[in-house]
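J.: Predicted coordinates and the sequence they were generated for:
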Amino acid sequence: MVTPINELAKHVGETVTLQGWLYARTDKGKLVFMQVRDGTGIAQCVVFKRDVDEQTFDSALHLSQESSLVVEGEVRSDQRAPGIPGGYELSVKALQIVQRAEEYPIGPKEHGVDFLMDNRHLWIRSSRQWAVLRVRTTVMRAIRGWLDEHGYVEVSTPILTPSAAEGTTNLFEVNYFDDKAYLAQTGQLYNEANIFAFGKVYCFGPTFRAEKSKTRRHLTEFWMVEPEVAFCDLDQLLEIEELFVSYIVQKAVQENANELKYLGRDLNKLTVISPPYPRITYDDAVAKIKEIQAHTTDPEQKSLLDITWGMDFGAPHETALTQLYEKPVFVTGFPSAVKAFYMEPYPGRAEVCKSADLLAPEGYGEIIGGSERISDPDLLLTRINEQHLPESAYKWYIDLRKYGSVPHSGFGLGVERTVAWICGIEHIREASPYPRLLNRLYP
RNA sequence: UCCUCGAUAGCUCAAUUGGCAGAGCAACCGGCUGUUAACCGGUAGGUUACUGGUUCGAGUCCAGUUCGAGGAGCCA
């Protein structure tokens, strides 16, 4: 019977079959220790010379890293056994080699980033990458799970979008027959159309940004989920967001405890993630950042924290601010000038808008950007003209405000940033199976 | 686009003031009944990123180029 490694604990004393790959091997005299991966975990398989015939022992002794194999043996509980989850090992009775692997480039020692990225197709086999990507799949499942359970309808939005509205410098241009098209950087405008058909909707897929960003939190292709809700104001939106994010985090803690432990993640920092999250206005955030700056002694850091009212936050500002909280923090009411044209202004204070960014703790930055959208057609038109956007491109979007307009709100959550935060990893590139970066399109 | 740093064996790195190209890991051979990135002995492994310059002599110094890393900017 083929048994997955993550279920070995249920089969102590039984003889089982594992099929997988040789992750690592070491030997000591009449013993060979094989670490075998099967996709669900890593288990130690011990070959003892007296238990097997000479040929089996010899092939175990010389088996190369990443060779594919089928191994049969008795499951034993042993505290010494390493692995994921570990604690159980196989006493090998039989070993079948499916393919003897050529010399494998990624060894058990440390490697440089460039080398690993060139070998991303192999690197994903390494435990650390495997663990992160397992968390990623849980996060993606939790995203769909929560939204589906709460009555959201997944309506796909186009990835090929028409000629552009505003500056196309940060969009990827593609040939579209005799015309030009652009890879979508958001599905939001379409979401806003979709709510009038379905009430609560979301789109979930890859988005593309041609920005020349070269930081630990930017990819040129990343996954984003964007829920949009009719009859919803900003306050209601924030309640949705904190329930949603908390659910995702707790799912990962429940389903990927082994993976997170392997990554060395402090689970206490995740279990505390539950509603409500602190809310702070942009005005107060600027004041707090100035306060932090006043207490900063390092001159370089001090100058990075420079801010005046009206500026958008940079990475150093976000990091400094989030270090004040153990939960994600909402920053509301950004200056309208630094936000998108479609955000609803605050009544009586048009210079700020009903926007909210959700900043993850521990310096992971913005994981959600959201807002209440302008519902009045005249105001929307005014804003479009103020920003010198081509009115014709937005005809259909303005239409939405003419036929039964309602207050509505939505947000976008970046999958890779969320995964990076949950896993506690340094760089967002490890949160994507095949990350696309400024200088990286291979493999 | 800017700032800083880097490129030497398959990988990670060392090489003193400019003076014989080195080690660990991986590979291969041998030893060991509990290894956890084992340990011990042995074998093999080099266009020092590229182009040019200085010099009796360049991995090392100079100029340019390419590629990469960290940070900033950018991120409706």
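T.: Yes, it's here.
J.: So A:Arg80 versus A:Lys93, what's the distance?
T.: Per CB to CB, to the nearest Å, A:Arg80 is found 20 Å from A:Lys93. Every residue, glycine included, has its C-beta placed from N, CA and C.
J.: Looking at those two, which is more packed in?
T.: A:Lys93 (15 against 9; other CB atoms under 10 Å).
J.: who's in contact with that one?
T.: A:15, A:51-52, A:72-74 (CB atoms under 8 Å, 6 or more residues apart in numbering).
J.: Does it lie in a helix or a strand, and which?
T.: According to DSSP states H and E, A:Lys93 maps onto strand A:88-99.
J.: And for A:Ala43?
T.: Under the criterion of DSSP H and E, A:Ala43 resides in strand A:42-48.
J.: Which positions in that strand come out as buried?
T.: A:42-47 (16 or more other CB atoms under 10 Å).
J.: related to what we said a few turns ago, just the buried residues from the contacts of A:Lys93, in PyMOL please.
T.: Selecting only the buried entries of those in PyMOL, with 16+ other CB under 10 Å as the criterion:
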select buried, chain A and resi 51+52+72+73+74
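J.: Which members of the contacts of A:Lys93 are the farthest-apart pair?
T.: Within these, A:Thr15 and A:Val52 form the most distant pair, 13.6 Å apart (CB to CB).
J.: May I ask you to confirm that A:Leu133 is in contact with A:Trp123?
T.: No - counting by CB atoms under 8 Å, A:Leu133 sits too far from A:Trp123 to count as a contact (10.5 Å).
J.: Look at A:Pro347 and say how many residues are nearby.
T.: A:Pro347: 7 neighbours (other CB under 10 Å).
J.: Show me which residues of the stretch 101-250 of chain A are close to RNA strand B?
T.: Residues of the stretch 101-250 of chain A lying close to RNA strand B by CB under 7 Å from any atom of the strand are A:103-105, A:107-115, A:117, A:165-166, A:170, A:185-186, A:188-189, A:209, A:211-216, A:218.
J.: now the residues you listed: which count as buried?
T.: Buried positions within those, assessed by neighbour count (16+ other CB under 10 Å), are A:117, A:165, A:185-186, A:188-189, A:209, A:218.
J.: returning to what we had before: work out the gap between the strand holding A:Ala43 and the centre of the chain.
T.: 33 Å (CA atoms, centre = their mean, to the nearest Å).
J.: Mind giving me the packing neighbours of it?
T.: strand A:15-28, strand A:31-37, helix A:54-61, strand A:68-77, strand A:83-84, strand A:88-99 (3 or more CB pairs under 8 Å, 6 or more residues apart in numbering; DSSP states H and E).
J.: Export only the CA atoms of that strand, formatted as PDB.
T.: What follows is strand A:42-48, C-alpha atoms only, in PDB (Å, rounded to 0.1, in the frame of the first residue of the first chain):
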ATOM      1  CA  ILE A  42      10.300  13.900   4.300                       C
ATOM      2  CA  ALA A  43      10.900  10.600   6.000                       C
ATOM      3  CA  GLN A  44      14.000   8.900   7.000                       C
ATOM      4  CA  CYS A  45      14.400   5.400   5.600                       C
ATOM      5  CA  VAL A  46      17.000   3.300   7.300                       C
ATOM      6  CA  VAL A  47      18.700   0.500   5.300                       C
ATOM      7  CA  PHE A  48      20.500  -2.000   7.600                       C
END
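J.: where along the stretch 101-250 of chain A do the strands fall?
T.: A:153-154, A:160-161, A:173-176, A:179-183, A:200-208, A:221-230 (DSSP state E, counting those that start in this stretch).
J.: Highest mean neighbour count out of the ones you listed?
T.: strand A:221-230 (a mean of 23; mean count of other CB atoms under 10 Å).
J.: Strand A:179-183 and that one, what's the angle between them?
T.: Going by axes from the mean of the first three to the mean of the last three CA atoms, to 10 degrees, strand A:221-230 is angled at 90 degrees with respect to strand A:179-183.
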